[in-house]
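# here are the coordinates; sequence isn't available:
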């Protein structure tokens, strides 16, 4: 932002002087009994009514209801209330509700302060009503102390670029891109791999609809690639970000495919180097020049540069030596928002986990899905040179892990979470296996069956009808998988303690063990760093609030779609993608973004340009030092760019001159609140 614009924006958001008499309305909410069952709200309201500047003190069963809001509006209009303090549930739930109420009545929406009486008082002091009532009064008087110093603020308004960047070309990224574009906003979609489709492309059918996975996926891909407002870049990744919501400046790097449609077939024929095929999870091999699968998009093959020394591939085509070389290019864009649709990785068991990597007959569910796809109709199901007659499937591999029982990941953490999708995916595959090979005996070893979605329980019922043998174990006594003796009838033995039969120890001889692995977050540390978003304790990307703001991150303009946020099936990923798209459309659709005014403000009269505020600021370009001419002298001052500031207050504590404040939470307001906390309480009278 140019210097002039920064200064003007600072001027626009300066706290205005308020010479009018402070007239406070204090409102203590019953919260439908959540507060009033513990706190004597009427006594609190009575005590507040006698405090300085309080001209109205009221209670209501639900202040957020129409009747409660009307009470506040009436006091503002008719009782000339010009500051509002509301004691209710958490501000994260209804702060916006009450701001709108205050604004409708003609008052600046930031002349209102919210006190969380439910979470901070009644819910934690249910065994001490008298103490909770006194605490409620103290919290409310603290709110009044701040309210007396509130100044009207104006929201920060920014011009928004009507262009979104979607990161990830799986089903969630494709769905969100299409929904955004249909609303008239330009979309650029980037995918790090050479082909679109993500994990869905590796499936055959989709539960619970039983649609053909790739047919459904390709329909979506065709809609996305044909849409005039969507630009797709494969082999592309984000390498730099600057700016702020509505006006992000980004740089994208894109690798070359290495071949064209004209020379691709000849180059593939000439290539004799092979690697494990990740599409089939290593069950087959592919060449270094490849298509992911028949019908993939784009149809032009790509060179696997990661397995080419120095990014070059030497070939002999039609008797001539040629060198294919990666020639990456970079380009810049300006976008208003990001959709993070980076997907997930299936859990890969460590060597020796249930015999994986040591016993050839132990594979993952993802591998088995591809194995079933590779077996043609009419063929017998075989593995490692022998027919499959008995199969055991083990649930919760890489999920619901327990400290001290399961081996940690490379980062030292375990996965205590449930991956949610695995149970239904496992039952879906067992039923498919029974349908194609009805003579195979199936054993399902589980801790709990969590078929939570609509229509998912039917797969469990069907598995029972298909005579799948269910064996229930506990997380503290996991099954053991060992190689059978050479002369045994089966190559693998599974030992499990079955709690459906009161802890009976079972030894199950099988030909194949399938490990139903969970979901793992992708390693996207570079994106997390660039966008300043946060992972949760499970290492998936973290939303602001799971119910109220389920797809938004703490960074304005960055939203989440699909399993980047946590384990989701395809239906859930599409629903999440649609929600993310709606957030982007709401944000950018009007061409203007409105941000909260709670950002740093520099008092130029006190600022000496020491630069200590800039040193501690973690947000790029949020606060900078700029030199200008003042009365014929060169002076250096700190300048805040409000769009980049998050109001963290780090600069406030660093400034040696106390020249910086965060609007809406000034040092003076904090001091007044602290004084109110330690002051003597007004008397609590008995209210009949």
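The structure has been received and is ready for your questions. These numbers come from a predicted model, not from an experiment. Numbering: from 1, shown residues only.

# what mean pLDDT does stretch 242-253 get?
Mean pLDDT, computed over stretch 242-253, is 94.

# gap between the two ends of that stretch?
End-to-end distance of stretch 242-253 (CA to CA, to the nearest Å): 15 Å.

# tell me the pLDDT at residue 681?
Reported pLDDT for residue 681: 88.

# so it makes contact with residue 139?
No: counting by CB atoms under 8 Å, residue 681 sits too far from residue 139 to count as a contact (10.9 Å). All C-beta spots, glycine's among them, are computed from the backbone N, C-alpha and C.

# more neighbours, the two?
Set residue 681 next to residue 139 and count neighbours by other CB atoms under 10 Å: residue 139 wins out with 21 against 12.

# so the nearest residue to the more buried one once chain neighbours are set aside, which of the three states?
Residue nearest to residue 139 in three dimensions, not counting chain neighbours: residue 115, with 5.1 Å by CB to CB, 6 or more residues apart in numbering. Per DSSP: H, G, I helix; E, B strand; the rest coil, the local secondary structure of residue 115 is strand.

# isn't residue 115 right up against residue 90?
No: look at residue 115 against residue 90 with CB under 8 Å: they stay out of range, at 10.2 Å.

# if you count surrounding residues, which of the two has more?
Just comparing residue 115 and residue 90: by other CB under 10 Å the higher neighbour count belongs to residue 115, 25 against 16.

# ok, now how distant is the more buried one from residue 85?
7 Å (CB to CB, to the nearest Å).

# ditto for residue 650
Residue 650 is 28 Å from residue 85, by CB to CB.

# which of the two has more neighbours?
residue 85 (27 against 18).

# pLDDT score assigned to the closest residue to the more buried one other than its chain neighbours?
Spatial nearest neighbour of residue 85, chain neighbours left out: residue 143 (4.4 Å); criterion: CB to CB, 6+ apart. Residue 143 is assigned 97 on the pLDDT scale.

# which helix or strand lies directly C-terminal to the helix or strand harbouring residue 143?
Using DSSP states H and E, residue 143 maps to helix 129-147. Beyond helix 129-147 on the C-terminal side, the first helix or strand identified by DSSP H and E is strand 156-159.

# in that next one, what counts as buried?
Under the neighbour-count criterion of 16 or more other CB atoms under 10 Å, strand 156-159 has 156, 158 buried.

# remind me what it packs against, helices and strands.
Helices and strands touching strand 156-159, by 3 or more CB pairs under 8 Å, 6 or more residues apart in numbering; DSSP states H and E, are strand 592-595.

# what ranges in this protein fall below the confidence cut-off?
Across the chain, the ranges flagged by pLDDT under 70 are 1-19, 688.

# quick one: residue 216 and residue 278, what's the gap?
22 Å.

# okay, these two: which has more neighbours?
Regarding residue 216 and residue 278, a neighbour count based on other CB under 10 Å identifies residue 216 as having more, with 17 against 12.

# host element of the more buried one?
Counting by DSSP H and E, residue 216 is part of helix 213-226.

# give me the residues contacting that helix.
Helix 213-226 is contacted by residues 171, 174-175, 177-178, 181, 189, 196-197, 200-201, 203-206, 230, 232, 293, 295, 297 when judged by CB atoms under 8 Å, 6 or more residues apart in numbering.

# among those residues, name the buried ones.
Buried among the contacts of helix 213-226 (16+ other CB under 10 Å): 171, 174-175, 177-178, 181, 189, 196-197, 200-201, 203, 205-206, 230, 232, 293, 297.

# need the overlap of contacts for residue 115 and residue 85.
Joint contacts of residue 115 and residue 85 (CB under 8 Å, 6+ apart) are 140, 143.

# before we move on, the earlier item: now the following helix or strand past the helix holding residue 216 and helix 213-226, what's the angle there?
Under the assignment DSSP H and E, the closest C-terminal helix or strand after helix 213-226 is strand 230-234. Angle, strand 230-234 to helix 213-226, by axes from the mean of the first three to the mean of the last three CA atoms, to 10 degrees: 120 degrees.

# give the pairing partners of the following helix or strand past strand 230-234; include direction for each.
With elements assigned by DSSP H and E, the helix or strand that comes after strand 230-234 is strand 236-244. Paired strands of strand 236-244, with direction, are strand 247-254 (antiparallel) (DSSP bridges).

# can you list the buried residues in the strand it pairs with?
Quick answer for strand 247-254 (16+ other CB under 10 Å): 247, 248, 250, 252, 253, 254.

# this structure - how does it break down into domains?
The chain breaks down into these domains under automatic domain parsing: 12-155, 163-255+330-343+524-592, 270-326, 347-520, 599-662.

# may I see the ones you listed organised as CSV, with distance to residue 685 added?
Below are those laid out as CSV (distance: least, CB to CB, whole Å):
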stretch, distance to residue 685
domain 12-155, 6
domain 163-255+330-343+524-592, 37
domain 270-326, 73
domain 347-520, 51
domain 599-662, 37
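
# circling back to that earlier point, let me know how buried the residue nearest to residue 85 is, in neighbour terms.
So residue 143, with other CB under 10 Å, has 25 neighbours.

# how near is it to residue 115?
From residue 143 to residue 115 the distance is 4 Å (CB to CB).

# any common contacting residues for the two?
In contact with both residue 143 and residue 115: 85, 87, using CB under 8 Å, 6+ apart.

# give the contact list for residue 473.
Counting by CB under 8 Å, 6+ apart, residue 473 makes contact with 445, 446, 447, 479, 496, 497, 498, 499.

# which two from these end up farthest apart in space?
The distance between the two most remote of the contacts of residue 473 (CB to CB) is 12.9 Å, for 446 and 497.

# picking up where we left off before, most neighbours among the contacts of residue 473, which one?
Neighbour-wise, the contacts of residue 473 (other CB under 10 Å) top out at residue 445, 25 neighbours.

# to what extent is the nearest residue to residue 292 once chain neighbours are set aside buried, counted in neighbours?
Once flanking residues are discounted, residue 292 sits nearest to residue 195: 4.4 Å by CB to CB, 6+ apart. Neighbour count of residue 195, defined by other CB under 10 Å: 23.

# spit out the contact partners of residue 195.
Taking CB under 8 Å, 6+ apart as the test, what residue 195 contacts is 169, 201, 234, 291, 292, 296, 297, 298, 302.

# from residue 214, how far out is it?
Residue 195 is 12 Å from residue 214, by CB to CB.

# which residues of the stretch 351-500 of the chain fall in strands?
362-364, 382-383, 386-387, 390-397, 441-446, 469-472, 480-483, 492-498 (DSSP state E, counting those that start in this stretch).

# not counting sequence-adjacent ones, nearest residue to residue 231?
With CB to CB, 6+ apart, the residue lying closest to residue 231 is residue 188, at 4.9 Å.

# typed the wrong thing, it's residue 406
Residue 406 sits nearest to residue 414 (CB to CB, 6+ apart), 5.4 Å away.

# what segments of the stretch 301-450 of the chain are helices?
According to DSSP state H, counting those that start in this stretch, the stretch 301-450 of the chain carries its helices in the segments 365-374, 421-436.
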